[in-house]
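*Asks:* 3D model of this:
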Amino acid sequence: MADRAATVTVTLETTAGPIDVTVYPERAPVSAGDFLRYVDQGLYDGGAFYRVVRADNDHGTPRIEVIQGGLQDESRALPRVAHETTRDTGITHLDGTISLARGAPGTGSGAAFFICVGDQPALDFGGRRNADGLGFAVFGRVTRGMGVVHAIYGMKSDGPAPSEYVQGQMLSPPVAIVRAYRKSSPTMSSPPGR
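*Replies:* Take a look at the predicted model:
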């Protein structure tokens, strides 16, 4: 049996700078596996970070702070995956963790992901951000490039919004993901815990 701390590092080359994400396929096989499928198929190339949620523009409760990215063209999305809770994986929403965005459970996929800015316990299993209490599916963390994450987080967010809920959260312009690729083969590393 593989060590549950085996990791893969992915580099997201953006127009704001590189972000390295350490992914935990042994701890979060469904979510991490889906993210890695998007990377390996080149689906993030030409994607973007397009949304920032801050205390001053968040329309949900409790308030959270994240940057969201993924595909710009939803027609390229792969099938959605089963929801993996933080209770199942033991990886929680700490500063720099990366997680799948979702509506109802089972609607998440690598097509949209977010990176936490600061600890966000409301997004964990039992947290109050979603009425169902199931939280979001963490699958990795930023290990290089949090300065880039913070730069994106501070950018102007007055772009056209597809719904009232995200009004004031859309980057203008989005930060392009030029290329996403595996930087390394599996290694051993300690994931963020509880």
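*Asks:* Checking residue 139 next. Helix, strand or coil?
*Replies:* Going by DSSP: H, G, I helix; E, B strand; the rest coil, the secondary structure assigned to residue 139 is strand.
*Asks:* what comes up buried for the host helix or strand of residue 37?
*Replies:* In this assignment (DSSP states H and E), residue 37 forms part of helix 29-40. For helix 29-40, burial by neighbour count (16 or more other C-beta atoms under 10 Å) applies to 30-32, 34-36, 38-39. (Each C-beta comes from the backbone N, C-alpha and C, glycine too.)
*Asks:* Likewise for stretch 49-56?
*Replies:* In terms of neighbour count (16+ other C-beta under 10 Å), stretch 49-56 has its buried residues at 49-54.
*Asks:* Same check on stretch 59-71?
*Replies:* By 16+ other C-beta under 10 Å, the buried positions in stretch 59-71 come out as 64-71.
*Asks:* So which residues make contact with that stretch?
*Replies:* Where contact means C-beta atoms under 8 Å, 6 or more residues apart in numbering, the residues beyond stretch 59-71 that reach it are 12, 38, 43-44, 47-55, 58, 77, 101, 110-118, 120, 122-123, 128-129, 149, 152-153, 164-167, 175, 177.
*Asks:* Identify those among the buried residues of stretch 49-56 that sit within helices.
*Replies:* Using DSSP state H, no member of these sits in helices.
*Asks:* would you list every one of the strands in this structure?
*Replies:* Counting by DSSP state E, the chain has strands at residues 6-14, 17-23, 47-53, 66-70, 97-100, 112-116, 137-144, 170-182, 187-188.
*Asks:* what's the closest of these to residue 86?
*Replies:* Closest of the strands of the chain to residue 86 is strand 137-144, at 5.8 Å (criterion: C-beta to C-beta).
*Asks:* Each with direction, which strands does the closest one pair with?
*Replies:* The pairing partners recorded for strand 137-144 under DSSP bridges are strand 17-23 (antiparallel), strand 97-100 (antiparallel).
*Asks:* for the record, mean pLDDT for the last one?
*Replies:* Throughout strand 97-100, pLDDT has a mean value of 98.
*Asks:* quick revisit: would you convert the strands paired with strand 137-144 into TSV that also reports distance to residue 106 and mean neighbour count?
*Replies:* Putting these into TSV (distance: least, C-beta to C-beta, whole Å; neighbours: other C-beta atoms under 10 Å) gives the following:
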stretch	distance to residue 106	mean neighbour count
strand 17-23	21	21
strand 97-100	11	28
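*Asks:* Figure out which of the ones you listed is closest to residue 182.
*Replies:* Here strand 17-23 is closest among those (C-beta to C-beta), at 8.9 Å.
*Asks:* Could I have the CA atoms of the closest one written out in PDB?
*Replies:* C-alpha atoms of strand 17-23 as PDB (Å, rounded to 0.1, in the frame of the first residue of the first chain):
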ATOM      1  CA  GLY A  17       3.800  34.600 -11.700                       C
ATOM      2  CA  PRO A  18       4.100  30.900 -10.900                       C
ATOM      3  CA  ILE A  19       2.200  29.000  -8.200                       C
ATOM      4  CA  ASP A  20       3.400  25.600  -7.100                       C
ATOM      5  CA  VAL A  21       0.700  23.300  -5.700                       C
ATOM      6  CA  THR A  22       1.500  20.100  -3.800                       C
ATOM      7  CA  VAL A  23      -1.400  17.700  -4.500                       C
END
